[in-house]
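Colleague: Next come a sequence and a model predicted from it.
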Amino acid sequence: MGTIWPDAPIVAVNPRGPNGAEDDVAMRRAGSHPALVVVTVGTDSHRFGRLVTWAGRWADDHADDARVVIQRGTAPHPGGVAYCPEALDFDELLDLMSRADAVVCAAGPGTVMDALRAGVKPLVVPRNDEMGEHVDGHQVAFAKVLVERGVTLGANTESELRAQLDRVMVQPGWCSVTPLSSAPTPGGIRISAALEALVSPVPHDTVAHRG
């Protein structure tokens, strides 16, 4: 857990790329190319149609100035202009994240780490068990901690998601951060036990996939 729990909030940086592909990323994040927004619901079998629908509607409203890729899992295709495969190859997803202006994801620790390592502070929309999107409410609690700590951005409603993505459009590079090292931080080591207690309260025989 140290890799997603730094000792200080993760602060945005001015995007820069020394050459080649990195320059292309920097130009896009600086507003010279259409924005790339990557949305992923992860691999959980529960539908996360709420996020897919919200992202699809935003994509339709920004068909002229943004490319939106939505990994939708088991949720129905929302229609519209967004590219919405059920699944993405892991390497393909990492490549998209490395070029993205914004990454929107569920509150899965692995996806959050992948985005931060790619140099993007992710916008987290937690799955809600009361809506049948997960087995329990741990993502809601986990997302709240991440946002309060400054590790991620957050949204719980469609209007909040749209406001965050609209800000990316008018403030290029807003989600760009220094790529996170894979080395655990002292802060992460100190609180990893507490986070484990937060996200793993269910007895072993009732645990389902919790990505």
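Modeller: Done, it's in.

Colleague: And the helices in this protein?
Modeller: 20-29, 49-61, 90-99, 109-117, 138-149, 158-170, 186-199 (DSSP state H).

Colleague: just so I know, which of these lies nearest V69?
Modeller: Closest to V69 of the helices of the chain is helix 90-99 (Cβ to Cβ; 5.9 Å). C-beta coordinates here come from the backbone N, C-alpha and C atoms, glycine included.

Colleague: by contact count, what packs against that closest one?
Modeller: helix 20-29, strand 35-40, helix 109-117 (3 or more Cβ pairs under 8 Å, 6 or more residues apart in numbering; DSSP states H and E).

Colleague: picking up where we left off before, could you provide the helices of the chain in JSON lines, with additional columns for mean neighbour count and mean pLDDT?
Modeller: Shown next, in JSON lines, are the helices of the chain (neighbours: other Cβ atoms under 10 Å; pLDDT from 0 to 100):
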{"stretch": "helix 20-29", "mean neighbour count": "16", "mean pLDDT": "49"}
{"stretch": "helix 49-61", "mean neighbour count": "21", "mean pLDDT": "97"}
{"stretch": "helix 90-99", "mean neighbour count": "16", "mean pLDDT": "96"}
{"stretch": "helix 109-117", "mean neighbour count": "21", "mean pLDDT": "92"}
{"stretch": "helix 138-149", "mean neighbour count": "18", "mean pLDDT": "88"}
{"stretch": "helix 158-170", "mean neighbour count": "16", "mean pLDDT": "96"}
{"stretch": "helix 186-199", "mean neighbour count": "13", "mean pLDDT": "50"}
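
Colleague: any chance of these in JSON lines, plus distance to V177?
Modeller: Converted to JSON lines, the helices of the chain look like this (distance: least, Cβ to Cβ, whole Å):
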{"stretch": "helix 20-29", "distance to V177": "11"}
{"stretch": "helix 49-61", "distance to V177": "21"}
{"stretch": "helix 90-99", "distance to V177": "12"}
{"stretch": "helix 109-117", "distance to V177": "7"}
{"stretch": "helix 138-149", "distance to V177": "14"}
{"stretch": "helix 158-170", "distance to V177": "13"}
{"stretch": "helix 186-199", "distance to V177": "16"}
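
Colleague: Compare those helices and give me the one nearest H77.
Modeller: Comparing those by Cβ to Cβ, helix 49-61 comes nearest, at 8.2 Å.

Colleague: Quick check: chain neighbours aside, which residue is closest to P122?
Modeller: A115 (3.9 Å; Cβ to Cβ, 6 or more residues apart in numbering).

Colleague: Could you measure from that neighbour over to E92?
Modeller: 15 Å (Cβ to Cβ, to the nearest Å).

Colleague: ok, now V151?
Modeller: Distance from V151 to E92, by Cβ to Cβ: 25 Å.

Colleague: Same question for H138.
Modeller: Going from H138 to E92 by Cβ to Cβ gives 28 Å.
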